[in-house]
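A.B. asks: Could you look at this predicted model? Sequence included:
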Amino acid sequence: MGLTKENASIGIIGMGDMGKMINACDKPENYDDLKKEFDSLKGVTILPNGHLVSRISDFIVYSVEAGVIDRVVAQYGPSTRVGAIVGGQTSCKAPELAAFDKHLPPDVEIVSCHSLHGPKVNPKGQPLVLIQHRASDQSLRFVEEVLSCLGSKYVYLSGEMHDRITADTQAVTHAAFLSMGTAWQANNQFPWEISRWVGGIENVKINITLRIYSNKWHVYAGLAILNPAAKEQIREYARSVTELYKLMIEGRREDLKRRVKAAGAAVFKSGTEAQDLLLRDEVLDQFSLSNRPREKTPPNNHLSLLAIVDCWSRLGIIPYDHMICSTPLFRLWLGVTEYLFRNPDLLEEALNTAIDDSTFRSDDLEFTFAARAWSDCVSFGDFESYRDRFERIQQYFSPRFPEAAKLGNEMMRTILEKTTATAAAATAPKASGTAR
Ligand SMILES: NC(=O)C1=CN([C@@H]2O[C@H](COP(=O)(O)OP(=O)(O)OC[C@H]3O[C@@H](n4cnc5c(N)ncnc54)[C@H](OP(=O)(O)O)[C@@H]3O)[C@@H](O)[C@H]2O)C=CC1
Ligand SMILES: O=C(O)C(=O)Cc1ccc(O)cc1
C-alpha cells in the first residue's frame, strides 16, 4: 500500500506553540515534562530527540525558532528516514530551505509549509502556504492530505515568492505595531487610559500592539531579520513615516495632502468605492480596553496609516493582491487603513489635524524615532538587541496582557469572519503559484 495519511507516521521537531500537534520531540531536557503532558493522548508519542523522530517518521516538520533552523537540521537531518518528506513551519523560507538543501540526504523529499496565523487562531479557512521545493506531485498530494485536518486554504508558492510576499504582509505590519508600542512606552502611556486613544481605529491599534508584544520575540525577529526583502520594506516604511512627519511639523499642508492623496489613489484605485469596507464603526467600537466614551475622542492624524499607504505606493505594492496569502493581523491593518482612506471626510480631517493640531506631536515624534530604530535593529541583524528592545516593552505592557488577549481574540473572531470571506474572494498573488 502507498503512503496515505492513515498509515503514515508524522514527526514534529519543536513542540512550542505551533508544533504541539504526533511523533514529536523538543530539546532533550524537556522530554520528561512533555511525556507527562502528551503521553495520555492517543497516537502521540513523545521521543527524547529529533534523531528518534526522524528515523521513524514519513513526514517530518521542523517547528523550531527560525534563528536555529540551520543548526537543528544539521543535527537531525542526516537521521531522516529514507524516502521521507521533510518540511518546516518557520516564517522565513530562505534559511530553512537552504538548511534542508545542505543537510538532508538526497533520497529525502522537501515540501515545506507555513500557517499564516498564530497559535490561538482557528486554522479553518486561514491560508496555509505549501512549497513543493524538491518533491514529486504525489508527495505534495500526500502533504495536502495530512494537513487537510486543519481545514486551511492552501496557497502554492515558491520559497522566494513566499518571502517576498510575507515581507509586505507580515514584517512591515509588525514594524508599524512594534513602533506604536515603543512610542507609547517612551511617553510612559497606557493608551487605553488616555481619551485621545479611545474608540474606533485606536482600539484596533491597541489590541494588535498588545497581541504582538504578548507573543514570543523570536517569531518577529526571525521573520524580519532573516528575510532580505523585509529589511528593505521596513526601511521604506520608516522613511515614509519620517518624511510625512517632517511635512506635518513644517506646516506644509498642501504638500502633505497632495502626497498622501496621490498615494491613496494609487493603492485604493477608483472603481473599488462600491465594495464593502473590510471594517465598520460598529465593529471597531466594540473592542475597547478603556471604559471611556468614544464621543470625546479628538481627531488623530493617523501618521502610522498615512505612512503605510505612502510606503505601499512608493514600492508599487497593491495590498489586495496579497489577500490570499495574508495573516489575520495584515487583514486588520489593511482594514483600518482602508477605513481611513475610503472615507474622504475622515482623511481630510486627519490631514488637517496633522497640520493644525499639536496634540499628537510628541506621540508622533516618538513613533518616528521608533520606526527608524526598529528598522536599524532589523538591518543590523542583531537578534540580541531585537530581543532586548522587544522584551523591555513587553514587560511594560504585560499587566494588561490577559485582558487584552481575551478582548483581542474576540475582536479577531468578529472581524475575521468578515475579512476571511473577503480574502476568499480576492485574487491570487501576482506572479506566483495558484491557490486552490
Ligand atoms: N507563533 C506564531 O504565531 C507562529 C510561528 N511560526 C513559526 O513556527 C516556528 C515555531 O514557532 P512557535 O511554536 O511559536 O515557537 P516556540 O518558541 O513556542 O517553539 C519552538 C520550540 O522548538 C524548540 N527547539 C529549539 N531547538 C530545538 C531542538 N534542537 N530540538 C527540538 N526542539 C527544539 C524550542 O525549545 P526552547 O524554547 O527550549 O528553545 C521550542 O519549544 C517558528 O519558526 C516561528 O517563526 C509560524 C507561524 C505562526
Ligand atoms: O498574524 C500575524 O502577523 C502574527 O503575528 C501571527 C503570526 C506570526 C508569525 C507567522 O509566521 C504567522 C503568523
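C.D. replies: Structure received. Ligands and ions are numbered 1, 2, ... in the order given.
A.B. asks: Need phi/psi at residue 247.
C.D. replies: When read as degrees, to the nearest 10, the backbone of residue 247 gives phi -60, psi -40.
A.B. asks: How about it: what's its closest non-neighbour residue?
C.D. replies: Nearest residue to residue 247, sequence neighbours excluded (Cβ to Cβ, 6 or more residues apart in numbering): residue 256, at 4.3 Å. Heads up, the C-betas are built off the backbone N, CA and C, glycines and all.
A.B. asks: next structured bit after the strand or helix carrying residue 140?
C.D. replies: Take DSSP states H and E as the rule and residue 140 turns out to sit in helix 137-147. Remark: after helix 137-147, the chain's next helix or strand is strand 153-156, criterion DSSP H and E.
A.B. asks: which strands and helices sit next to the helix or strand following that next one?
C.D. replies: Next along the chain after strand 153-156, taking DSSP H and E as the criterion, comes helix 159-166. The helices and strands touching helix 159-166, judged by 3 or more Cβ pairs under 8 Å, 6 or more residues apart in numbering; DSSP states H and E, are helix 93-103, strand 109-115, strand 127-134, helix 228-249.
A.B. asks: how does it look with 10 Å?
C.D. replies: Applying 3 or more Cβ pairs under 10 Å, 6 or more residues apart in numbering; DSSP states H and E, we find helix 159-166 packed against helix 93-103, strand 109-115, strand 127-134, strand 153-156, helix 228-249.
A.B. asks: Quick one, which of those gets closest to ligand 2.
C.D. replies: Ranking the helices and strands packed on helix 159-166 by their distance to ligand 2 (criterion: Cβ to the nearest ligand atom) puts strand 109-115 first, at 6.1 Å.
A.B. asks: Just give me the neighbour total for residue 101.
C.D. replies: For residue 101, the count of nearby residues is 12 (other Cβ atoms under 10 Å).
A.B. asks: so who does whichever residue of the chain sits closest to ligand 1 touch?
C.D. replies: In the chain, no residue comes nearer to ligand 1 than residue 16, which is 1.7 Å away by Cβ to the nearest ligand atom. By Cβ atoms under 10 Å, 6 or more residues apart in numbering, the residues touching residue 16 are 26, 63-65, 89, 119, 216, 218-219.
A.B. asks: go on, residue 366?
C.D. replies: Taking Cβ under 10 Å, 6+ apart as the test, what residue 366 contacts is 179-180, 182-187, 189.
A.B. asks: Now the buried members of those.
C.D. replies: Buried residues within these, counting neighbours by 16 or more other Cβ atoms under 10 Å: 179-180, 182-186, 189.
A.B. asks: where does this protein dip in pLDDT?
C.D. replies: Along the chain, the parts satisfying pLDDT under 70 run over 1, 19-24, 194-199, 270-297, 415-436.
A.B. asks: which bits of it sit near ligand 1?
C.D. replies: 13-19, 25-27, 50, 63-66, 68, 72, 89-91, 115, 118-119, 215-216, 219, 222 (Cβ under 6 Å from any ligand atom).
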